[in-house]
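In: next comes the sequence, and after it the predicted model I'd like to discuss.
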Amino acid sequence: MDTSAFQPMQGMTDLAAPEIALWQRLEAEARRTLALYGFTEVRTPVVEQTAVFTRSLGETTDVVQKEMYTFTDRGGRSLTLRPEGTAGVIRYALGLGVESDGARLYYIGPMFRCERPQAGRKRQFHQLGVEAFGAPNPAADAEIIAMQLHLLEAWGLKGFTLDLNTRGVPEDRPAVTQGLADAARPHLGALCADCQRRFETNILRLLDCKKESCRQIVAGLPPTTQFMSAESRQYLDEVLRLLQKIGVPARVNPQLVRGLDYYVHTVWEIRHGALGAQDALSGGGRYRVTMGDKTFDGVGFAIGLERAIMAVQKDNPTLTQEQPRLMVWLVSMGAAALTANLDLAQNLRRQGVACGLDLAARSMKAQMRAANKSGATTVLIRGDQELEQGTVTLKNMADGTQQAVPLAELTARLM
RNA sequence: GUGGAUGUAGCUCAGUUUGGCAGAGCACCAGGUUGUGGCCCUGGCCGUCGCGGGUUCAAAUCCCGUCAUCCACCCCA
């Protein structure tokens, strides 16, 4: 077999049975939970004009600079496979006009980032995301965070932690950058090579360096909130107060940084211990994006579904178990019986009885083996004898007992 | 984009050190039962040893390249 000729592109995989059942269960549970909060689904295109992403995420972000699948179509337009979901939803909301204010939308679907794959990271991966549009209001942030925890708990997840921080308002950024630079400059020589680069290019990134030597230095730096306006600090305090009121255990992590430019005020991240080095199960925040002539304020989060699956497999084994299928297997001895069983199977299926049968006219032993493998609880046997008498032989696979049943009584016996 | 590990039957993997007939378990198929599954017994099928090139009398094994997977960095979900 030549496995190299036709296989998915690097970092992309086929999702099928048996794992697909877990995906479907997570999605169904998510739709149920999000509906409780008034969210409705939106399915936006997977491909957008490149500008939809470069404008909203920020030209200098890593996602835009080195991770996007961008190509030129036959009309000479620059298009991009979506690396995240928020930009497309905002592009959709732009068309809603004033109706977009207060809109609550969610999406589930594939995203694309051309990165080196590793544990919990694919080039085509899937996100469930929600967006709640409306003017900044700490109560909205708190409600969305509470909903997110509600959803994770509905999935049976336990081993996660919520870290919260604030980006402040855009006007705070020069002061934050300046303040952080002043505080870090005396330690510049002691930082790792990456951090020395970050000091120039994106100083916030010093805060979440993984190296122990850098973390010790970072721990001694003042929190970024110290350089923010009173308005920004009050917003964070109010979010924290509300979360406490509704029983959400949030802690501020001054080292939490989120990369995209559009974030304002509250940002948060949920980590899970089952995920390996890429331990962010979900990231969220409040954002402000200008598209066309409209500025959108919103708050939302995205959950990496591949990572959610990994976490559920660890935390919630019962959801992971294959659900038993109740099924009847039809065994046919001879061509006439096969024809009759094909017809009977269709009738049973129309009545909601899942059934299967061997179409290859194999030996009875082979058919019984197939029946056993299918997990059918009942086997229905027909040969010349049964056809003549207008009966079927029902065999109980659990205890091996069997008896003849008139065709007319079959449905009642199976239900 | 950088670094490490790996790629042999449908699946999980031995075999690679030291070049010498392509292997095991599971799965699958058939028989052991004229019309009866699981357990057991017997037999059978299954390979471009990821792909391409090189060295050699001889390559799964050594060398070069390439593709893919896993893990980590970077970054993110």
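Out: Sure thing, it's come through. Fair warning: this is a prediction, and the values are worked out from it, not measured in the lab. Numbering: from 1, shown residues only, chains lettered A, B, ... in the order given.
In: the stretch 51-200 of chain A: helices as residue ranges?
Out: Here the stretch 51-200 of chain A has its helices, by DSSP state H, counting those that start in this stretch, at A:62, A:86-96, A:138-154, A:173-184, A:193-201.
In: mean pLDDT added to those helices, as TSV?
Out: Shown next, in TSV, are those (pLDDT from 0 to 100):
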stretch	mean pLDDT
helix A:62	89
helix A:86-96	95
helix A:138-154	97
helix A:173-184	94
helix A:193-201	88
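In: which one of those helices lies closest to residue A:41?
Out: Nearest of these to residue A:41, taken as Cβ to Cβ: helix A:86-96 at 10.7 Å. No exception for glycine: its C-beta is placed from N, CA and C like everyone else's.
In: any part of that closest one near RNA strand B?
Out: No - judged by Cβ under 7 Å from any atom of the strand, helix A:86-96 stays clear of RNA strand B, getting no closer than 8.5 Å.
In: okay, now residue A:402: neighbour count?
Out: 15 (other Cβ atoms under 10 Å).
In: now it. Nearest residue, chain neighbours left out?
Out: Once flanking residues are discounted, residue A:402 sits nearest to residue A:395: 3.9 Å by Cβ to Cβ, 6 or more residues apart in numbering.
In: RNA strand B versus the one you found, what's the distance?
Out: Residue A:395 is 5 Å from RNA strand B, where distance means Cβ to the nearest atom of the strand, to the nearest Å.
In: next, residue A:243: phi, psi?
Out: phi -60, psi -40 (degrees, to the nearest 10).
In: one step back: and residue A:377, which of the helices of the stretch 51-200 of chain A is closest to it?
Out: Of all these, it is helix A:138-154 that lies closest to residue A:377, at 30.7 Å by Cβ to Cβ.
In: pull out the buried residues from that closest one.
Out: Within helix A:138-154, the residues scored as buried using 16 or more other Cβ atoms under 10 Å are A:138, A:140-149, A:151-152.
In: before we move on, what about stretch A:44-60?
Out: Residues A:44, A:47, A:48, A:50, A:52, A:53, A:54, A:55, A:56, A:57, A:58 are the ones in stretch A:44-60 that count as buried (16+ other Cβ under 10 Å).
In: next up, the contacts around the first one.
Out: It refers to residue A:44. Applying Cβ atoms under 8 Å, 6 or more residues apart in numbering, we find residue A:44 in contact with A:82, A:85, A:88, A:89, A:91, A:92, A:107.
In: okay, and residue A:284 sits in which element?
Out: strand A:280-291 (DSSP states H and E).
In: still on that earlier bit, closest one to residue A:225 among the helices of the stretch 51-200 of chain A?
Out: Here helix A:173-184 is closest among the helices of the stretch 51-200 of chain A (Cβ to Cβ), at 8.9 Å.
In: can that closest one be said to contact RNA strand B?
Out: No - shown here: helix A:173-184 not in contact with RNA strand B (Cβ under 7 Å from any atom of the strand), separated by at least 14.8 Å.
In: contacts made by that helix with the rest, please.
Out: Under Cβ under 8 Å, 6+ apart, the answer for helix A:173-184 is A:168, A:191, A:199, A:203-204, A:206, A:217, A:221-222, A:224, A:226-228.
In: could I have the buried ones of those residues as ChimeraX selection syntax?
Out: Only the buried entries of those go into this ChimeraX selection, using 16+ other Cβ under 10 Å:
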select /A:168,191,199,203,204,206,217,221,224,227,228
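In: could the contacts of helix A:173-184 go into JSON lines alongside secondary structure and distance to residue A:283?
Out: Output for the contacts of helix A:173-184, formatted as JSON lines (DSSP: H, G, I helix; E, B strand; the rest coil; distance: Cβ to Cβ, whole Å):
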{"residue": "A:168", "secondary structure": "coil", "distance to residue A:283": "18"}
{"residue": "A:191", "secondary structure": "coil", "distance to residue A:283": "25"}
{"residue": "A:199", "secondary structure": "helix", "distance to residue A:283": "24"}
{"residue": "A:203", "secondary structure": "helix", "distance to residue A:283": "20"}
{"residue": "A:204", "secondary structure": "helix", "distance to residue A:283": "15"}
{"residue": "A:206", "secondary structure": "helix", "distance to residue A:283": "19"}
{"residue": "A:217", "secondary structure": "helix", "distance to residue A:283": "25"}
{"residue": "A:221", "secondary structure": "coil", "distance to residue A:283": "23"}
{"residue": "A:222", "secondary structure": "coil", "distance to residue A:283": "24"}
{"residue": "A:224", "secondary structure": "helix", "distance to residue A:283": "18"}
{"residue": "A:226", "secondary structure": "helix", "distance to residue A:283": "24"}
{"residue": "A:227", "secondary structure": "helix", "distance to residue A:283": "23"}
{"residue": "A:228", "secondary structure": "coil", "distance to residue A:283": "21"}
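In: which residue sits closest to the residue of the stretch 151-300 of chain A found nearest RNA strand B, ignoring its sequence neighbours?
Out: Residue nearest to RNA strand B within the stretch 151-300 of chain A (Cβ to the nearest atom of the strand): residue A:259, separated by 1.6 Å. Nearest residue to residue A:259 in three dimensions, chain neighbours excluded: residue A:61, at 5.8 Å (Cβ to Cβ, 6+ apart).
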